[in-house]
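**Q** Generate a structure from the sequence data that follows.
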Amino acid sequence: MSRETAPEREVDGESYVTIADTNASEAAAYYDRDDVAAFYRLCWGGADIHIGRYDTGAESVAEASQAMTRYLLSLANLQKGQQVLDIACGYGGTLRELARLGCQSSGIDISQVCVDEARRANEAVGLGDSISVETGDFHNIDYPDASCDACVCQESIIHSTDRSRVLAEVWRVLRPGGVFSFSDILTAENADLALVNAAFERLGVRGDATPEDYRRMAEDAGFLVEHAEERAEDIKTHYAKLAEQLETPPAELKRSTVEKLQVSIRHWQTALSGGHITWACFIAKKRGQT
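**A** Numbering: from 1, shown residues only. From the prediction side, this is the model:
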């Protein structure tokens, strides 16, 4: 599927070509920033840059993030040899976990920094030749129709201004019976959007989509939602851990960066403590026989 382009737009003083009418370029600009990359590498574990699963609360951010990846993949009931595409692969932690499960994993990400880091990390563990990672936009996935057994996406659809289009693209590239395993940070029902948007500002997105909205969009795209689960306590714990880390930040983080992050995380904790932001995961199956 070819990409349509719109005029360039300016983000953080630099020009980016916007892909169609989405905010893909803004998302790329965010993850390509040096301070953002340093934060994810030094405070978020550097492999799985998403919310963690905290069964005891004693887990580190890196341990919990890997545990959440394993949990989400276990829900998908993936089989050895299946072709699995991560449509926003970040630093590639999920790709490497898929490879350990015996899947044929590949990934795309809108950020060149993420793609480069995923390739480097894959190479470091001897998986550079077996995992394909390319720059790509999940609004226009450069894969043939019905070419994947499963797709994965962890906390990235939040960056889309056209979520229905992302779900439609995933539906297109999945084989009949294929599974889409995805999670996201979402707006809780009856939330105070001012508090949500104050938290989401660092990501350059706005709150509006609830777990029920995601279920509806998946069903409208043709999926059967087989599992939907909220884990609000995990995201509360995750941000508490991040706040704690920034009390004694890594020396590599600039003081100005730390101060901005601390302000942002306080906004997150305010919204989370009031139940205005939640986290949810979904297992959706493309209707039809494999």
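**Q** I'd like the secondary structure assignment at Ala251, please.
**A** coil (DSSP: H, G, I helix; E, B strand; the rest coil).
**Q** Quick check: phi and psi at it.
**A** The phi/psi pair for Ala251 (degrees, to the nearest 10) reads phi -60, psi -30.
**Q** With only the CA atoms kept, save stretch 52-60 in CSV.
**A** The C-alpha trace of stretch 52-60 is given here as CSV (Å, rounded to 0.1, in the frame of the first residue of the first chain):
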residue,chain,number,x,y,z
GLY,A,52,5.0,-3.0,33.2
ARG,A,53,3.1,-5.7,35.0
TYR,A,54,3.6,-5.5,38.8
ASP,A,55,2.5,-8.7,40.5
THR,A,56,4.4,-7.9,43.8
GLY,A,57,5.3,-4.2,43.4
ALA,A,58,9.0,-5.1,44.0
GLU,A,59,9.8,-5.5,40.3
SER,A,60,12.1,-3.0,38.6
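**Q** By average pLDDT, which secondary structure element in this structure comes out worst?
**A** Least confident helix or strand of the chain, by mean pLDDT, DSSP states H and E, is strand 5-11 with a mean of 36.
**Q** now Cys148: how far from Phe180?
**A** Distance, Cys148 to Phe180, using Cβ to Cβ, to the nearest Å: 10 Å. For glycine as for every other residue, the C-beta is placed from the backbone atoms N, C-alpha and C.
**Q** so what's in contact with those two at the same time?
**A** Both Cys148 and Phe180 are in contact with Leu174, where contact means Cβ atoms under 8 Å, 6 or more residues apart in numbering.
**Q** which residue ranges form the strands in this protein?
**A** 5-11, 14-19, 83-86, 104-109, 132-135, 148-154, 174-187, 223-230, 277-286 (DSSP state E).
**Q** Show me what the third one is packed up against.
**A** For strand 83-86, the contact count by 3 or more Cβ pairs under 8 Å, 6 or more residues apart in numbering; DSSP states H and E identifies helix 93-100, strand 104-109, strand 148-154 as packing neighbours.
**Q** Any idea which of the ones you listed gets closest to Ala28?
**A** Closest approach to Ala28 among the helices and strands packed on strand 83-86 is made by strand 104-109 (8.6 Å; Cβ to Cβ).
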